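In: Following is a predicted model, sequence given first.
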Amino acid sequence: MLTNPGRYGVWVRGGLIAPVLGAFGWTLLAQDRGAQPTTANPSPITTNQAGKMKATKPSDKEIVLTGRFAAPRQAVFDALTQSKHLVHWLKTTNMALVGCEVDARVGGTLRYVFQRPSGRKLEVRGAYTAFDPPRRFEYTETYDFTPLTVLVTTALDEEDGKTIFKQTLRYASKQERDDDFEPVSTSANEVYPNLARYLAQGAR
């Protein structure tokens, strides 16, 4: 069970949730799940490994998530940036996505509202600074309960019809990055397998 509530009393930050929630989402989801972090070798892709993420610390202020999806890059890009797809996979057993608004373009914004079983709602907002389908997108992520800001950059490459995923979360300080590393790793390995399963079903 994760016991450190972080400096704000909850697991704060995480883009996905960081490709999608960046800093907040991952940490918040880790708190609710009470799970332990997992990592996986991203190659080769099997049914059990699809969507599994490896978390690393390439610099003092960054977390990088890498993994693979058994789907074309365009399908993955769309699933990460379109509301009609996000509502199907961006959730966990103990956290529901009850609001999802995305205007995916440079200068556009995103807004996710998550609700716990207790009824408490938490809001994540983002402002796109780069949008290059189906290769890359970037946004700054902010939250309704803390002044923190995280820069989330997602890059996708394609190899033999499969997608190589890389997401970089950049923090203002090493301490913020260190506080988030374990919960980011944990929650990424719950949420992104949801995406892999959704893609396998045809990403309706």
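Out: Thanks, I have it. Keep in mind that what you see is a predicted model, and the values were worked out from it rather than measured.
In: what residue ranges in this protein score low on pLDDT?
Out: 1-49, 204 (pLDDT under 70).
In: give me that answer again for 50
Out: Filtered on pLDDT under 50, the chain yields the residue ranges 1-24, 29, 32-48.
In: From the centre of it, give me the residue that's furthest out.
Out: D160 (24.4 Å; Cα atoms, centre = their mean).
In: Counting residues, name the longest strand you see in this structure.
Out: strand 121-132 (DSSP state E).
In: Return the distance of it from the chain's centre.
Out: Its chain's average C-alpha position is 11 Å from that of strand 121-132, according to Cα atoms, centre = their mean, to the nearest Å.
In: Which strands or helices does it pack on?
Out: The helices and strands touching strand 121-132, judged by 3 or more Cβ pairs under 8 Å, 6 or more residues apart in numbering; DSSP states H and E, are helix 22-33, strand 109-115, strand 136-143. Any C-beta I mention is one placed from the backbone N, CA and C, and that applies to glycine too.
In: mind listing what's buried in that strand?
Out: L122, V124, R125, G126, A127, Y128, F131 (16 or more other Cβ atoms under 10 Å).
In: Make a markdown table from these and add distance to Q82 to it.
Out: Shown next, in a markdown table, are the buried residues of strand 121-132 (distance: Cβ to Cβ, whole Å):
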| residue | distance to Q82 |
| --- | --- |
| L122 | 22 |
| V124 | 17 |
| R125 | 17 |
| G126 | 14 |
| A127 | 17 |
| Y128 | 13 |
| F131 | 12 |
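In: which ones are touching the nearest residue to V113 once chain neighbours are set aside?
Out: Closest residue to V113 in three dimensions, ignoring its sequence neighbours and counting by Cβ to Cβ, 6 or more residues apart in numbering: G99, at 3.1 Å. Counting by Cβ atoms under 8 Å, 6 or more residues apart in numbering, G99 makes contact with R111, Y112, V113, E123.
In: hmm, 10 Å instead?
Out: S83, V87, R111, Y112, V113, F114, Q115, K121, E123, V124 (Cβ atoms under 10 Å, 6 or more residues apart in numbering).
In: Kindly export the longest strand of the chain (C-alpha atoms) in CSV.
Out: What follows is strand 121-132, C-alpha atoms only, in CSV (Å, rounded to 0.1, in the frame of the first residue of the first chain):
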residue,chain,number,x,y,z
LYS,A,121,-14.4,15.1,-8.0
LEU,A,122,-11.0,16.2,-9.2
GLU,A,123,-10.2,18.2,-12.3
VAL,A,124,-7.3,18.1,-14.7
ARG,A,125,-6.7,20.8,-17.3
GLY,A,126,-4.2,21.1,-20.2
ALA,A,127,-3.2,23.6,-22.8
TYR,A,128,-1.7,22.2,-26.1
THR,A,129,1.6,23.8,-27.1
ALA,A,130,2.3,21.3,-30.0
PHE,A,131,0.1,19.0,-32.1
ASP,A,132,1.6,17.0,-35.0
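In: The contacts of G99: which two are farthest apart?
Out: Greatest spatial distance in those: S83 and K121, 17.6 Å, computed using Cβ to Cβ.
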